[in-house]
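>>> Sequence isn't available, so here's the structure alone:
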DNA sequence: CCAGTTTTTGACAATGGTTGTCAGTTTACC
DNA sequence: GGTAAACTGACAACCATTGTCAAAAACTGG
């Protein structure tokens, strides 16, 4: 979680990866591997489930998508606009996502960690709520 | 995540629940249901796995233990000292845990959420690092 | 203490997300 | 074109967690 600079292990361009990438590009909210897979199916672009998992995992490892662990224990993925570390404000009803930068939080977490002698520090922070649209309809 | 005041649904005192509670009391780090179960086994206090899961879930629902979603997708539980909402600084090597209160973060998250019109807000924040002891040994 | 009622337990099946396997396919490169 | 290495996909295997349901334990009022 510190030296994250591997030259992005060599990879080949394939129809399947392009398809996954395309769906991610079009989707603004976090989606699970399973959801992504069924979207691909419904489009006719048949891609194996295992391949979807592998592709998402590779993207996540390279930091090209953000990963979120849902309460139910499944992983959700999203291709984010900004490159730097940031957080998400997610609607627990419709999944609408707002990207948040929190320099203050970054500073706070690292100072707290240092205070206790911890090194090589990373953190996870996600905010869940109900977005205006969903709150309105009830 | 807002009105969390149910009078703790009536429950019966059983040997099994006492055993789970005891292990939680003695353990300062987060442990998974499976780990807890095998600790019980190794002590001779045989408790069914399903029971361990049910008990932990009940405790978590009542807010009497904190739950952490590990990267591997399993849930880890810990009985915490303080009652109010707080966060954890966890050693990714030995699991040593420090409880952290972060009023500033609480304020920040709710103001950010409000700013975007989100209501009924909750958040998760955990800090991972390597504790002094583990860092020393390498 | 006793019988009745309700909760709890536990062994096991079932679920569901995710990963491993491995032969067949595709890509990159010469 | 031909070859080696990477990739794919169908399916089995895993593993944490939850559901099932009859038997066992805990409470409760006699």
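Good, I have the coordinates. None of these values were measured; they are calculated from a predicted model. Numbering: from 1, shown residues only, chains lettered A, B, ... in the order given.
>>> which residues does the residue nearest in space to the middle of chain A contact?
Geometric centre of chain A, nearest residue: residue A:66, 2.3 Å, by Cα atoms, centre = their mean. For residue A:66, the contacting residues are A:30, A:60, A:77-80, A:88, by Cβ atoms under 8 Å, 6 or more residues apart in numbering or on different chains. Every residue, glycine included, has its C-beta placed from N, CA and C.
>>> what's near enough to touch residue A:49?
Residue A:49 neighbours (Cβ under 8 Å, 6+ apart): A:33-34, A:37.
>>> just the buried members of those residues?
Among the contacts of residue A:49, those classed as buried by 16 or more other Cβ atoms under 10 Å in any protein chain shown are A:33, A:37.
>>> Restricting to the contacts of residue A:49, which residues neighbour DNA strand C?
When Cβ under 7 Å from any atom of the strand is applied, the members of the contacts of residue A:49 adjacent to DNA strand C are A:33-34.
>>> What ranges does chain A have for its helices?
For chain A, helices defined by DSSP state H occupy the ranges A:15-26, A:33-42, A:49-61, A:103-115, A:132-137.
>>> I'd like these written out as CSV, with mean pLDDT added.
Shown next, in CSV, are these (pLDDT from 0 to 100):
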stretch, mean pLDDT
helix A:15-26, 97
helix A:33-42, 96
helix A:49-61, 96
helix A:103-115, 95
helix A:132-137, 87
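>>> is chain B contacted by the strand ranked longest in chain A?
Longest strand of chain A, by residue count under DSSP state E: strand A:119-130. Yes - Strand A:119-130 lies within reach of chain B by Cβ under 8 Å from any Cβ of the partner chain, at A:119-130.
>>> most surrounded residue in those residues?
residue A:129 (27 neighbours; other Cβ atoms under 10 Å in any protein chain shown).
>>> Dig out what it forms beta bridges with.
Beta-bridge partners recorded for residue A:129 (DSSP bridges): residue A:91.
>>> ok, it to DNA strand D distance?
Distance, residue A:129 to DNA strand D, by Cβ to the nearest atom of the strand, to the nearest Å: 23 Å.
>>> again, but for residue A:136
Separation of residue A:136 from DNA strand D (Cβ to the nearest atom of the strand): 31 Å.
>>> Number of residues surrounding that residue?
Residue A:136 has 9 neighbouring residues, counting by other Cβ under 10 Å.
>>> go on, residue A:57?
Neighbourhood size, residue A:57 [other Cβ under 10 Å]: 15.
>>> Please apply the same query to residue A:15.
Residues lying near residue A:15 (other Cβ under 10 Å) number 10.
>>> how about the residue nearest to residue A:46 when sequence neighbours are not counted, what does it touch?
Once flanking residues are discounted, residue A:46 sits nearest to residue A:40: 7.0 Å by Cβ to Cβ, 6 or more residues apart in numbering or on different chains. Applying Cβ under 8 Å, 6+ apart, we find residue A:40 in contact with A:19-20, A:23, A:46-47, A:52.
>>> Now, of these, which are buried?
Buried, going by 16+ other Cβ under 10 Å: A:19-20, A:23, A:47, A:52, out of these.
>>> need those in JSON lines with distance to residue A:99, can you?
Listed next are these as JSON lines, based on distance: Cβ to Cβ, whole Å:
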{"residue": "A:19", "distance to residue A:99": "25"}
{"residue": "A:20", "distance to residue A:99": "21"}
{"residue": "A:23", "distance to residue A:99": "19"}
{"residue": "A:47", "distance to residue A:99": "27"}
{"residue": "A:52", "distance to residue A:99": "24"}
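>>> what's the closest of those residues to residue A:94?
The closest of these to residue A:94 turns out to be residue A:23 (Cβ to Cβ; 18.2 Å).
>>> Is the closest one in contact with residue A:36, as I believe?
Yes - with contacts counted by Cβ atoms under 8 Å, residue A:23 reaches residue A:36, the gap being 5.6 Å.
>>> hmm, back to that, just the residues of strand A:119-130 next to chain B now: which is nearest residue A:108?
For the residues of strand A:119-130 next to chain B, the residue nearest residue A:108 by Cβ to Cβ is residue A:123; the value is 9.6 Å.
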